[in-house]
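[1] let's see this in three dimensions:
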Amino acid sequence: MSPIVITFLILGGAVAAFIWNKIPVGVVAIGVSLALYLTGVLSFEQSLAGFGDPVVIYIAALFVVSEALDMTGVTVWAGQQVIQRAGKRVTVVLVWLMLLVALVTALISVNGAVAALIPVGVVLAIRVGSSPSRMLMPLAFAAHAGSLLTLTGTPVNLLVSEISENAGYRPFGFLEFGLVGLPLLVGTVIIVLLLGPRVLPERLPEFAPRNLSRHAETLARHYSLEPDSVRLDRADGLTEIVIPPRSTFVGDTVFPGMRTETGELVIVAVQRSGEDIGRTRLKEGICFF
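    Model prediction:
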């Protein structure tokens, strides 16, 4: 059997494994390398050469950076800035969202940026009274346009740069793709603004999440708290609890300022029938947070 036929069979098996999705992607990738080596298509050195390729290492590092931005709350913070500053005009919100996802994509690639900002797009759509589909589709368009702003916008840019260098030409600069990407991004925004209201589908979800961006302020007014005492971020928040019948909390003693045993929850206020109370034993209908 010729090496070409063997390579196509191994490639077909890898595609089938990816579609089956029962075997980890890493195992499939290593299995392909081993299969090509064991069948004699590649030498041992050739089968391992890809793992030391600078582009492969760079792409892996991008995934690390993408996860770090998400775990540290950078993407969430950026989305909150858009929510606070964009107002409630659909056009302004849409432009801000598209520019944000293009910028994030330029840094961490398309998949990471879109996955991180989809919740932001849904919240913005609910806040301005628009259909989420009319926010999320432009978000995807802008993300792909933003992938051509920098060298790290997509792995394809890195591969093209490496091929150019291997062919004897110079590699592409970090911002050189922006010569094409920036006009493409501007054109994408203009097309979405002009044609979006006519061609974008308006699909309303059956179960849309509530807009809780002002929930902390609402609770603060309800419990007559000072504005400066309210915080709502990644580490701190406010939750109102109403004691239902047969709750396990019935009979517990609570008071404002009390901390739970773990020290992670502080009771700020306790109310009965809309009136603030101090130390009390919890009963049905008592509210605290």
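[2] show me where the stretch 151-289 of the chain has its helices.
    155-166, 178-199, 215-222 (DSSP state H, counting those that start in this stretch).
[3] will you turn these into JSON lines that also has distance to Leu124 and mean neighbour count?
    Every residue, glycine included, has its C-beta placed from N, CA and C. Below are the helices of the stretch 151-289 of the chain laid out as JSON lines (distance: least, C-beta to C-beta, whole Å; neighbours: other C-beta atoms under 10 Å):
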{"stretch": "helix 155-166", "distance to Leu124": "29", "mean neighbour count": "15"}
{"stretch": "helix 178-199", "distance to Leu124": "14", "mean neighbour count": "15"}
{"stretch": "helix 215-222", "distance to Leu124": "16", "mean neighbour count": "16"}
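[4] now render those as CSV, adding distance to Ile30.
    Compiled in CSV, the helices of the stretch 151-289 of the chain are given as follows (distance: least, C-beta to C-beta, whole Å):
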stretch, distance to Ile30
helix 155-166, 19
helix 178-199, 34
helix 215-222, 47
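[5] now those helices in TSV, with distance to Val110 and mean pLDDT?
    Below are these laid out as TSV (distance: least, C-beta to C-beta, whole Å; pLDDT from 0 to 100):
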stretch	distance to Val110	mean pLDDT
helix 155-166	10	87
helix 178-199	12	93
helix 215-222	32	58
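[6] those: which one's closest to Asp70?
    helix 155-166 (18.5 Å; C-beta to C-beta).
[7] now the angle from that closest one to helix 178-199?
    Orientation check (axes from the mean of the first three to the mean of the last three C-alpha atoms, to 10 degrees): helix 155-166 against helix 178-199 gives 150 degrees.
[8] contacting residues around helix 155-166?
    53-55, 58-59, 62, 109, 147-148, 150-152, 170-172, 177 (C-beta atoms under 8 Å, 6 or more residues apart in numbering).
[9] which among those end up buried?
    59, 62, 109, 147-148, 150-152, 172, 177 (16 or more other C-beta atoms under 10 Å).
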